[in-house]
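Participant: Based on what follows, work out the 3D shape:
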Amino acid sequence: QVQLVESGGGLVQPGGSLRLSCAASGLTLDNPAIGWFRQAPGKEREGVACLSAGDGRTYYADSVEGRFTISRHNVKNTVYLQMDSLEPEDTAVYYCATDPRIISGCRLLALEYDYWGRGTQVTVSS
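Facilitator: Now for the predicted structure:
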């Protein structure tokens, strides 16, 4: 059974940093596409970053480009989202997602991912 567990969220001041982790069991994260998504109250879930299946290329939403970095630690079977220069607009519940059926590339579309974690809350506030 595939299980994803996010951690690392919390309260941080504007301009601060957080690193989110997504630990997987039931599948290895060394190859499938992995995505980070977020959902703020009253808003739709939006894609933040993803790691491409196969070649491991990274893609980011325009709103986080240059501030967030997605990476993968194969031995730990964990994917990370390093978030720097955080802004109040980044406040949301953050989710990681994957789907072994995605065998190449990745897109920031929630509908394409079947396996999701329960999320971790990130609050950016002074």
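
Participant: For stretch 71-87, which residues meet the burial criterion?
Facilitator: Taking 16 or more other C-beta atoms under 10 Å as the basis for neighbour counts, the residues of stretch 71-87 that come out buried are 72, 77-81, 83, 86. From N, CA and C alone the C-beta is placed, and that goes for glycine too.

Participant: Quick one: which of these has the lowest pLDDT value?
Facilitator: pLDDT across the buried residues of stretch 71-87 is at its lowest for Asn77, which sits at 86.

Participant: Which of the buried residues of stretch 71-87 sits closest to Gly117?
Facilitator: Of all the buried residues of stretch 71-87, Gly117 sits closest to Val79, with 10.3 Å by C-beta to C-beta.

Participant: Give the next helix or strand downstream of whatever helix or strand that closest one lives in.
Facilitator: Secondary-structure element containing Val79, defined by DSSP states H and E: strand 78-83. Moving toward the C-terminus from strand 78-83, the first helix or strand encountered (DSSP H and E) is strand 92-98.

Participant: packing partners for that next one?
Facilitator: Contact here means 3 or more C-beta pairs under 8 Å, 6 or more residues apart in numbering; DSSP states H and E; on that basis strand 92-98 packs against strand 3-7, strand 18-25, strand 34-39, strand 78-83, strand 115-116, strand 120-124.

Participant: sorry, back to before: can you pick out the most distant pair from the buried residues of stretch 71-87?
Facilitator: Asn77 and Leu86 (26.3 Å).

Participant: which residues does Val93 form a beta bridge with?
Facilitator: When bridges are taken as DSSP bridges, the partners of Val93 come out as Gln39, Gln121.

Participant: Please report the distance of it from Asn31.
Facilitator: 27 Å (C-beta to C-beta, to the nearest Å).

Participant: Next: Val122.
Facilitator: Between Val122 and Asn31 the distance is 27 Å, computed by C-beta to C-beta.
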